[in-house]
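Visitor: Below are the sequence and a predicted model; questions follow.
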Amino acid sequence: MTDASADPSETYAYLGPAGTFTEAALKQVPEAQGKTWLSVNNVGEALAEVVAGRATAAMIAIENSVEGGVTAAQDALATIPGLRIVGEYLVKVNFVLVAKPGTKLDDVKVVNAHPVAYAQSRGWLERNLPDHGHIPAASNVYAATSLFDADSNADAAVAPPGIVDQLDVEVLARDIGDNPNAVTRFVLVSTSKAIPPRTGADKTSLIVELPDDEAGSLLAMLEQFSTRGVNLSLIQSRPIGDALGRYRFVVDLEGHVEDERVADALLGLRRFSPRVLFLGSYHRADHREIEYHSKYDDEIFIEARDWLRGILSGEPEA
Ligand SMILES: O=C(O)C(=O)C[C@]1(C(=O)O)C=C[C@@H](O)C=C1
């Protein structure tokens with residue numbers, strides 16, 4: 001769904017419709033409040049709006065504490081050129097099973113659910129509805145709204161608890177998520193090359209490809225981080241897609257590209273990797289200050305560089 005009248009400098013695309021967890025993430029972005037919000041049907045559409053310049057930024061789910069990386073989002077960021085992550089947001093997720101009024105749990109044979117939501121409530125569904133079928137939905141809210149479609153084959157939907165304020169549905173079961181502490185991580189994506197300022201509580205996202213058929217190249221990649229005291233918060237392999245056995249790595253690391261230890265690790269990576277895609281440095285949603293050993297302080301890297309510069313320029317050694 002696109003709104004041709006939306007002002008491009010003021011538009012934020014998100015997986016809708018209103019009531020999704022993605023919308024809850026967008027509510028956390030101060031600069032998006034009072035602007036045009038564009039509800040779209042999937043991550044690809046949200047990013048396409050940004051690339052085409054019809055949206056300033058898109059909010060997309062990127063990782064879930066139960067299900068792991070949202071692969072559609074990771075693959076889109078790896079393949080669509082020119083995108084940058086400019087912010088990170090966390091939303092606690094939990095789910096209810098809803099149906100049209102009058103439906104009993106025993107009547108439920110087919111369940112509508114977004115694939116990521118389905119994966120997070122699979123345990124409950126298998127225990128309580130062992131024979132159910134699953135119809136994938138574009139979002140958690142669409143899962144519930146489509147129960148009312150004339151051609152719908154589903155009897156119930158997995159949806160956010162707030163759905164009861166939007167639709168005339170009955171809650172058949174609450175808290176059906178398999179993990180009561182489930183959290184989804186969202187990122188705000190734009191084409192702006194301006195890197196958000198370093199705060200000391202930052203994260204950097206990369207896509208890294210490794211040289212073909214070279215023993216130890218994965219270890220060599222990890223060494224770039226470990227020898228500079230850079231901690232990784234996510235590493236996931238994704239197929240490049242052009243041939244069997246070819247993978248790229250999605251990497252999130254603790255720190256900002258302006259941190260000397262991070263910049264040095266990126267230079268190390270760039271020297272041996274055929275492709276390093278910088279997806280952005282941005283403030284961590286949990287605001288946690290990055291801890292690292294003082295031997296990786298900026299000053300240590302700067303002193304070492306000055307020392308070498310001195311040698312090259314013929315200065316007497318101290
Ligand atoms: O934003 C929503 O409500 C969605 O339907 C999307 C989405 C996702 O893509 O991961 C968001 C959070 C939940 O983890 C499950 C689904």
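Guide: Arrived safely, thanks for sending. Since this is a predicted model, take the numbers as computed values, not measurements. Residues are numbered from 1 along each chain as shown.
Visitor: Which residues of this structure lie near the ligand?
Guide: Applying Cβ under 6 Å from any ligand atom, we find that the chain lies next to the ligand at 15, 20-22, 61, 64, 70, 93, 114, 116-117, 139-140, 184. No exception for glycine: its C-beta is placed from N, CA and C like everyone else's.
Visitor: switch the cut-off to 8 Å
Guide: 14-15, 19-25, 43, 60-61, 64, 67, 70, 73, 91, 93, 114-117, 120, 137-143, 160, 182, 184, 186 (Cβ under 8 Å from any ligand atom).
Visitor: Sort out which of those residues are buried, if you could.
Guide: For the residues of the chain next to the ligand, a neighbour count by 16 or more other Cβ atoms under 10 Å gives the buried set as 14-15, 19-25, 43, 60-61, 64, 67, 70, 73, 91, 93, 114, 116-117, 120, 137-143, 160, 182, 184, 186.
Visitor: Skip ahead from the helix or strand bottoming out on mean pLDDT in the chain and say which helix or strand is next.
Guide: Lowest by mean pLDDT, DSSP states H and E among the helices and strands of the chain is strand 68-69, with a mean of 93. Counting by DSSP states H and E, the next helix or strand C-terminal to strand 68-69 is helix 71-79.
Visitor: which residue sits closest to residue 212, ignoring its sequence neighbours?
Guide: Of all residues not flanking residue 212 in the chain, residue 246 sits nearest, at 7.6 Å (Cβ to Cβ, 6 or more residues apart in numbering).
Visitor: what's near enough to touch that neighbour?
Guide: Contacts for residue 246 (Cβ atoms under 8 Å, 6 or more residues apart in numbering) come out as 212, 239-240.
Visitor: Next, count neighbours for residue 236.
Guide: 15 (other Cβ atoms under 10 Å).
Visitor: part of a strand, is it?
Guide: Yes. Counting by DSSP: H, G, I helix; E, B strand; the rest coil, residue 236 falls inside a strand.
Visitor: how far away is it from the ligand?
Guide: Computed as Cβ to the nearest ligand atom, to the nearest Å, the residue 236 to the ligand distance reads 15 Å.
Visitor: hmm, back to that, show residues contacting the least confident helix or strand of the chain.
Guide: 62-63, 234, 236, 238, 250.
Visitor: Mind putting the residues you listed into TSV with distance to residue 52 and pLDDT?
Guide: Below are the contacts of strand 68-69 laid out as TSV (distance: Cβ to Cβ, whole Å; pLDDT from 0 to 100):
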residue	distance to residue 52	pLDDT
62	21	97
63	26	96
234	29	96
236	28	97
238	25	97
250	24	98
